[in-house]
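Undergrad: test case, fold it:
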Amino acid sequence: MALNRLGLLRPALSQAFATRLRPVLGAGAGSCIPHALQNGSLEKPKGYPSPQVRFYATKKSKAKAKGQASKVSMNTALGEDIISLEEVKGDMANVLEILKDEFSRSLNIRTSPGALDHINVTTKDGKFPLNQLGQISMKSPQLIVVNMTGFPEATAAATSALRESSMKLNPEVEGSIIRVPIPMVTREHRENLAKLAKQFSNKSKDSLRRVRSGAHSQLKKAKEGVSEDTVRIIEKQIQQMMDTYAADVDKQLALKTKELLG
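TA: Numbering: from 1, shown residues only. Presented below is the predicted three-dimensional model:
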């Protein structure tokens, strides 16, 4: 009779034991779970708690999150009584336009008479574009002639300006006529032009930094009476402007290098 009663109580005792044991398994280390279950070779018994999985952020996602957090929305009206961000932006845009103009005029593989128009000649009366002092004509794909008959006294100055230009020219003078041989389009010439393009882009980035420094100096002068938070936000906006235009400079350099090197 006693055995029969024990058999009837066994399911209730087993259930109570499992109920007490379950929180221990959930709070304990993974070693409490059978090895086969940890390896995934056995189906998880009913009652075992699901293991908690923790996902760690990758370096890439952390860097992305950091970059997003440091960015500020552009607001050119902020602190306009302190500094004009529109003017700062305009100055940086002008730097980029000057670079594009330099690339177009000074670093062309195909030469035209207009390629010398931008060269400035320093005379006793001031600086003048070469095309205002002489008549420029193209005699052949490898020769440009500058006729200085109208201003013969500026012939020497024009020759020096041509020789000192970034185009690596070696002019020859006959009286008031300046002959300008154009280098052959060799691989070496293309590579030299690509190096000049890099120099131009570096100068443009230096100009962007000067614009930023000038804006920061102007901001420091007006710091009194302005909250530190406002100053920091304006500084970040200026930096973001510069980063944007510096990226545009790199883009223009990549396009020009590809054009020159083929």
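Undergrad: residue ranges of the strands in the stretch 151-262 of the chain, please?
TA: Ranges of strands in the stretch 151-262 of the chain, per DSSP state E, counting those that start in this stretch, are 172-174, 177-181.
Undergrad: and these: which comes nearest V146?
TA: Using CB to CB as the criterion, the shortest distance between V146 and those is 4.1 Å, found for strand 177-181. Every residue, glycine included, has its C-beta placed from N, CA and C.
Undergrad: buried residues, that closest one. List them.
TA: Buried positions in strand 177-181, judged by neighbour count with 16 or more other CB atoms under 10 Å: I178, V180.
Undergrad: pull up the pairing partners for that strand, direction included.
TA: Neighbouring strands of strand 177-181 in its sheet, by DSSP bridges, are strand 143-147 (antiparallel), strand 172-174 (antiparallel).
Undergrad: out of these, which is the most enclosed?
TA: Mean neighbours per residue, mean count of other CB atoms under 10 Å, is largest over the strands paired with strand 177-181 for strand 143-147, with a mean of 19.
Undergrad: got a list of contacts for stretch 156-172?
TA: Counting by CB atoms under 8 Å, 6 or more residues apart in numbering, the neighbours of stretch 156-172 from elsewhere in the structure are 102, 106, 115-116, 119-123, 130, 133-134, 146, 148, 173, 178-183, 192, 196, 199-200.
Undergrad: now, which of those lie within helices?
TA: Taking DSSP state H as the definition of helices, the contacts of stretch 156-172 contribute E102, S106, L130, L133, N192, L196, Q199, F200.
Undergrad: out of those residues, which is nearest to K236?
TA: Proximity of the ones in helices among the contacts of stretch 156-172 to K236, judged by CB to CB, is greatest for F200, which lies at 28.3 Å.
Undergrad: okay, the closest residue to the closest one other than its chain neighbours and S165: tell me how far apart.
TA: Nearest-residue entry for F200: E102, 5.1 Å, with adjacent residues in sequence omitted and distances by CB to CB, 6 or more residues apart in numbering. Here the criterion is CB to CB, to the nearest Å. By it, E102 lies 11 Å from S165.
Undergrad: so if I had to pick from those two, which one is more boxed in?
TA: Under the criterion of other CB atoms under 10 Å, the comparison of E102 against S165 puts E102 first, with 21 against 17.
Undergrad: I'd say the more buried one and S201 touch.
TA: No. With contact defined as CB atoms under 8 Å, E102 does not count as touching S201 (9.4 Å).
Undergrad: nearest residue to A93 other than its sequence neighbours?
TA: Y245 is the one closest to A93 (CB to CB, 6+ apart), at 7.1 Å.
Undergrad: that neighbour: how many residues sit nearby?
TA: As a burial measure, Y245 scores 24 neighbours (other CB under 10 Å).
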